[in-house]
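Novice: what follows is a protein structure lacking sequence information:
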């Protein structure tokens, strides 16, 4: 029995080392579809609009994944990033909120509500100096906003800058 198995193994090994016939082959190149970036961006805006409607009805858990997808489809849209940041604020995910709001600010530096939301996020993280800077920058763009003035006063209070 051992002799049969060893001769079988030997014949398999010798067969593996022998030179076989050359094999002809074809190379297949994959078809790469053209991506319509404008259509993707439009789809992202549509999804973001749907998410904004959900957020208005305080359905944050349903809105958040939609806005995350929209931010990937339309990454240069500051409004989508601002909405994403505000939803993260609603869910108390402050680090993610700050990152999204900073992205929105980078894309549109003249958006006062983004600066107010950023100031609020910094305040919640007890980063009062950064909160003051963001709130002041927002108030320079859009003055006399009661909520922003209130947040600014609270940040100054926490910094013991009472005047």
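Specialist: Looks like it came in fine. Owing to the predicted nature of the structure, the values given are computational and were not obtained by experimental measurement.
Novice: residue 63 versus the residue nearest to residue 69 when sequence neighbours are not counted, what's the distance?
Specialist: Leaving aside its chain neighbours, residue 69 sits nearest to residue 47 (5.8 Å; criterion: Cβ to Cβ, 6 or more residues apart in numbering). Bear in mind the C-beta positions are built from the backbone N, C-alpha and C, glycine included. Distance, residue 47 to residue 63, by Cβ to Cβ, to the nearest Å: 10 Å.
Novice: with residue 149 instead?
Specialist: Residue 149 is 28 Å from residue 63, by Cβ to Cβ.
Novice: more neighbours, the two?
Specialist: Neighbours were counted for residue 149 and for residue 63 using other Cβ atoms under 10 Å; residue 63 has more, 24 against 13.
Novice: ok, and the helix or strand in the chain with the lowest average confidence?
Specialist: When the helices and strands of the chain are scored by mean pLDDT, DSSP states H and E, helix 2-17 comes last with a mean of 49.
Novice: so where's this protein uncertain?
Specialist: By pLDDT under 70, the low-scoring segments of the chain are 1-25.
Novice: just the helices in it please.
Specialist: Counting by DSSP state H, the chain has helices at residues 2-17, 37-56, 60-73, 78-90, 94-107, 112-124, 128-141, 146-158.
Novice: with distance to residue 26 added, can I get the ones you listed in TSV?
Specialist: As requested, the helices of the chain are arranged in TSV below (distance: least, Cβ to Cβ, whole Å):
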stretch	distance to residue 26
helix 2-17	25
helix 37-56	33
helix 60-73	37
helix 78-90	45
helix 94-107	47
helix 112-124	55
helix 128-141	61
helix 146-158	66
